[in-house]
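A.B. asks: 3D, please:
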Amino acid sequence: MLSDYWLGSPSANSINRFAPLSEAEGENPDDLESQRDLRTPKPPPILSGGANIQPLRQLLSEKAENEYIFKSLGRDGVKIQPTSDTSYSAITKAQIERKTEFHTYKVKSERNFNVVLKGLHYSRPVEDITKEI
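C.D. replies: A predicted model of the protein is given here:
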């Protein structure tokens, strides 16, 4: 019988014990969206190498006082994680000036924005596409 099936519909007297969590008092879903938009992404890590890291640590303390996290990656590598965009730019600028070998990524705000439009024929003029957009 389907009426007493063990995976049937729940009985009428069941309650959702997580219902109070669905809408917290004083929180507006629109406010959560605006807070999500205001968050700035953290700057990318800077990977650097060298046998002697003391000069690098001294440079970091001069250019970005306590605005970074410094980790040793092994024998000849270090990872520098800046905590702000200003410390990131100061550290990378100082390393470029001293011709230090390092690797990093572009900050998200400086990256290009690429768009792909599918379903367009290659012979369609670019002017028509820009006019339609």
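A.B. asks: Can you show me the strands along the protein?
C.D. replies: Taking DSSP state E as the criterion, the chain carries its strands at 46-49, 68-72, 77-82, 102-103.
A.B. asks: Please pull out the lowest mean pLDDT helix or strand from the protein.
C.D. replies: Comparing helices and strands within the chain by mean pLDDT, DSSP states H and E singles out helix 29-38 as the least confident, with a mean of 61.
A.B. asks: Just want the most central residue of the protein.
C.D. replies: Nearest to the mean C-alpha position of the chain, by CA atoms, centre = their mean, lies Pro41 at 4.5 Å.
A.B. asks: tally of neighbours for the closest residue to that one other than its chain neighbours?
C.D. replies: Leaving out its chain neighbours, the residue that sits closest to Pro41 by CB to CB, 6 or more residues apart in numbering is Lys108, at 4.9 Å. Any C-beta I mention is one placed from the backbone N, CA and C, and that applies to glycine too. Neighbourhood size, Lys108 [other CB atoms under 10 Å]: 12.
A.B. asks: cool, the one 10 residues further on as well?
C.D. replies: The tally of other residues near Lys118 (other CB under 10 Å) stands at 4.
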